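Q: sequence plus the predicted model coming up.
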Amino acid sequence: MATGRTHRPATRSRGIPEATVARLPLYLRALTALSERSVPTVSSEELATAAGVNSAKLRKDFSYLGSYGTRGVGYDVEYLVYQISRELGLTQDWPVVIVGIGNLGAALANYGGFASRGFRVAALIDADPAMAGKPVAGIAVQHTDELEKIIDDNGVSIGVIATPAGAAQQVCDRLVAAGITSILNFAPTVLSVPEGVDVRKVDLSIELQILAFHEQRKAGEEATPPERETAGTGEPGVATTPKPSAAASHRPAAGGPGGTGGHSGDGNRQGPDGDVPAVMPA
């Protein structure tokens, strides 16, 4: 099996849009689940639902791969798994180094999903001398002094940064200088890299903040009373007292000439702004 340094994914040379590339792992995850259940074929609608995308968008994405399916049958699941895996570069071995073996780095090292998707954790690296030699996920942690040698010896082209924010840029610079061309960054900071180096950022706190924004909006919508129709207009707004008819406006008021009530004839007088609202605006 080839290693990461000998091959670059073909997506750029084939002109596949970045948005499509970002959806390919979603399709692959859904297809892998179908394959594990021994499902031979799948329709675009079923696969789109499983991947959480629009079926028309799925068909467009697959057209970039040269896969159009069969009318009335759908897509061959196993072939699509192979096709997408090949396009993503997952038909080969990708050695990965993780730098920063704190709580997050250790959790990443113990994640079993890397190996099943073609990513082999080749080394764990940390700046703390006390961590050197300690086994994490069955791999002995090595000191950052050995970073360049580790990358060269293992033919690594993908690095994972799980350090504190203050150390991330320095680690990034060393990774790039050592030949790393793709970086997955978990540090809460923006990295500066030269052209030709790809960086994917994962910031869990930002994702939580976005969820908090949506929760706040939902809470605000639940607290806001629904709009009522403006009387006589059929339009939303603040309900108002209906205007009297022309005939009624010239009719003597109760209590006036010919009336029996206790109010004078100007009892229907309007306020300075027209109709008096039945509900005062906040």
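A: Received it, and whenever you're ready, just let me know what you need. Numbering: from 1, shown residues only.
Q: mind listing the helices in the stretch 51-200 of the chain by residue range?
A: 55-64, 77-87, 103-109, 113-116, 147-154, 165-177 (DSSP state H, counting those that start in this stretch).
Q: mind listing what's buried along the fifth one?
A: Right, the one you point to is helix 147-154. 147, 150-151, 154 (16 or more other Cβ atoms under 10 Å). Bear in mind the C-beta positions are built from the backbone N, C-alpha and C, glycine included.
Q: and which of those residues is nearest residue 195?
A: Among the buried residues of helix 147-154, residue 151 lies closest to residue 195 (Cβ to Cβ), at 20.0 Å.
Q: these two touch, right, the closest one and residue 179?
A: Yes: here residue 151 lies in contact with residue 179, judged by Cβ atoms under 8 Å, at a distance of 6.0 Å.
Q: out of the buried residues of helix 147-154, which is nearest to residue 69?
A: Closest to residue 69, out of all of the buried residues of helix 147-154 and judged by Cβ to Cβ, is residue 154, at 39.6 Å.
Q: residue 41 pairs with what?
A: residue 76 (DSSP bridges).
Q: got a list of what residue 27 touches?
A: Applying Cβ atoms under 8 Å, 6 or more residues apart in numbering, we find residue 27 in contact with 47, 51, 58, 61, 80, 84.
Q: just put these in CSV and tack on distance to residue 131.
A: Formatted as CSV, these follow (distance: Cβ to Cβ, whole Å):
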residue, distance to residue 131
47, 44
51, 39
58, 45
61, 43
80, 42
84, 37
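Q: a markdown table for the residues you listed, including distance to residue 204 and pLDDT?
A: As requested, these are exported to a markdown table (distance: Cβ to Cβ, whole Å; pLDDT from 0 to 100):
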| residue | distance to residue 204 | pLDDT |
| --- | --- | --- |
| 47 | 29 | 96 |
| 51 | 23 | 95 |
| 58 | 28 | 95 |
| 61 | 27 | 94 |
| 80 | 31 | 95 |
| 84 | 27 | 94 |
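Q: hey, least reliable of the helices of the stretch 51-200 of the chain by pLDDT?
A: Least confident of the helices of the stretch 51-200 of the chain, judged by mean pLDDT, is helix 113-116 with a mean of 85.
Q: identify each buried residue in it, please.
A: Residues of helix 113-116 classed as buried by neighbour count (16+ other Cβ under 10 Å): residue 114.
Q: show me what contacts residue 194?
A: If you count contacts by Cβ under 8 Å, 6+ apart, residue 194 has them with residue 176.
Q: go again using 10 Å as the cut-off
A: 173, 176-177, 181 (Cβ atoms under 10 Å, 6 or more residues apart in numbering).
Q: and of those residues, the nearest to residue 138?
A: residue 181 (27.1 Å).
Q: my guess is that closest one contacts residue 155, does it?
A: No: using Cβ atoms under 10 Å, residue 181 is not in contact with residue 155; the gap is 12.0 Å.
Q: tell me which element residue 33 is part of?
A: Taking DSSP states H and E as the criterion, residue 33 maps to helix 18-36.
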